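Peer 1: coords below, sequence missing:
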């Protein structure tokens, strides 16, 4: 999946930005159907004339369970 900045944002110095996300099929224990989760993300940006790149790699997904309880204020 790819997203691009539609127009520069001169008020903050952002001239261009592209984000690319790759997904892989992930099978988790106790989850009957596979999930398509991010595996690689690359963000390229041009900010005030300087190019920047951030790369992220996602692996070893694990399932977590949490619970919460809402309490009324006193």
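Peer 2: Perfect, I can see it now. Quantities reported herein were computed from a predicted structural model and do not represent experimental measurements.
Peer 1: who's the closest residue to residue 52 other than its chain neighbours bridged to?
Peer 2: Excluding its sequence neighbours, the residue lying closest to residue 52 (CB to CB, 6 or more residues apart in numbering) is residue 45, at 4.8 Å. Yep, even glycine has a C-beta here, placed from its N, CA and C like the rest. Beta-bridge partners for residue 45, by DSSP bridges, are residue 17, residue 52.
Peer 1: I'd like the distance between residue 45 and residue 68.
Peer 2: Residue 45 is 36 Å from residue 68, where distance means CB to CB, to the nearest Å.
Peer 1: can you check residue 53 too?
Peer 2: On the measure of CB to CB, residue 53 and residue 68 end up 37 Å apart.
Peer 1: Between the two, which is the more surrounded one?
Peer 2: residue 53 (9 against 5; other CB atoms under 10 Å).
Peer 1: residues near the residue nearest to that one when sequence neighbours are not counted, how many?
Peer 2: The shortest distance from residue 53 to any non-neighbouring residue, by CB to CB, 6+ apart, is to residue 44 (5.2 Å). For residue 44, the neighbour count with other CB under 10 Å is 15.
Peer 1: residues contacting the residue most central in space within the chain?
Peer 2: With distances taken as CA atoms, centre = their mean, residue 41 lies nearest the centre of the chain, 6.6 Å away. By CB atoms under 8 Å, 6 or more residues apart in numbering, residue 41 lies in contact with 19, 20, 21, 22, 54, 55, 56, 58.
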